[in-house]
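[1] Sequence and predicted model, in that order:
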Amino acid sequence: MEHNSTKKGLTPKQENFIEDKISSNASIMKLCEKHGIGRTTYWRWSKQKAFSEAMKEAEESYIKQLVDMAQIKIGELAESGNITSLIFILKSKGGWVETSGIDMKMKTPIIEVRNQEQKRSIEKMVQRVKKSE
């Protein structure tokens, strides 16, 4: 059993475990195997306040990394003219609202434009997509 404690109140083995969680987001079972500990040891650690808080921070850090990566990828796809990415950005960041109405001539969903700025933005994006086709 390790007794050397770090500033955070974690053993070096616990710190290594958490660092691996941040970098790989591997399952607890895989991390236990890699670090040579049993699941009961992990569960004992998880009852320790310092360890459970550090694990929570590790998980939050990993999620933030994924979100950053996803935002970059969606931006790249949108800039390349990917229509799905453009629609996602318009709906999530641009305030666009899709209604359930269908234009029977076009057979496409109707998008509600809230102001002229939004209208100009979508017209520019549509022109870029048409140019890239």
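    Structure's in. What do you need? None of the values given here were measured: they were computed from a predicted structure.
[2] Quick one: the strands in the chain, in order.
    97-103, 108-112 (DSSP state E).
[3] weakest of the ones you listed in terms of mean pLDDT?
    Of all the strands of the chain, the minimum mean pLDDT falls on strand 108-112 (a mean of 57).
[4] what comes up buried for stretch 82-101?
    Residues Ser85, Leu86, Ile87, Phe88, Ile89, Leu90, Gly94, Trp96 are the ones in stretch 82-101 that count as buried (16 or more other CB atoms under 10 Å). Placement of C-beta: from N, CA and C, glycine included.
[5] quick one, what contacts Gln65?
    By CB atoms under 8 Å, 6 or more residues apart in numbering, the contact set of Gln65 is empty.
[6] From the buried residues of stretch 82-101, which land in helices?
    Taking DSSP state H as the definition of helices, the buried residues of stretch 82-101 contribute Ser85, Leu86, Ile87, Phe88, Ile89, Leu90.
[7] Okay, domains of the protein per the record?
    For the chain, automatic domain parsing gives the domain ranges 12-68, 84-132.
[8] Quick one, which of those gets closest to Glu76.
    domain 84-132 (8.3 Å; CB to CB).
[9] so how far is Lys21 from Asp68?
    Distance of Asp68 to Lys21, computed by CB to CB, to the nearest Å: 18 Å.
[10] Now tabulate the ones in helices among the buried residues of stretch 82-101 in TSV and tack on distance to Lys130.
    Converted to TSV, these look like this (distance: CB to CB, whole Å):
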residue	distance to Lys130
Ser85	16
Leu86	12
Ile87	15
Phe88	19
Ile89	18
Leu90	17
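[11] So, low pLDDT: which residues of the protein?
    Confidence mapping of the chain against pLDDT under 70 gives the ranges 1-7, 98-115, 132-133.
[12] Mind jotting down where the helices sit in it?
    12-24, 28-35, 39-46, 49-79, 83-92, 116-132.
[13] Just the buried positions in the fourth one, please.
    Within helix 49-79, the residues that qualify as buried are Phe51, Ala54, Met55, Ala58, Ile74, Leu77, Ala78, counting by 16+ other CB under 10 Å.
[14] Quick check: the gap between the residue positioned nearest the centre of the chain and Met29.
    For the chain, the residue nearest the mean C-alpha position is Val67 (2.7 Å; CA atoms, centre = their mean). Between Val67 and Met29 the distance is 25 Å, computed by CB to CB.
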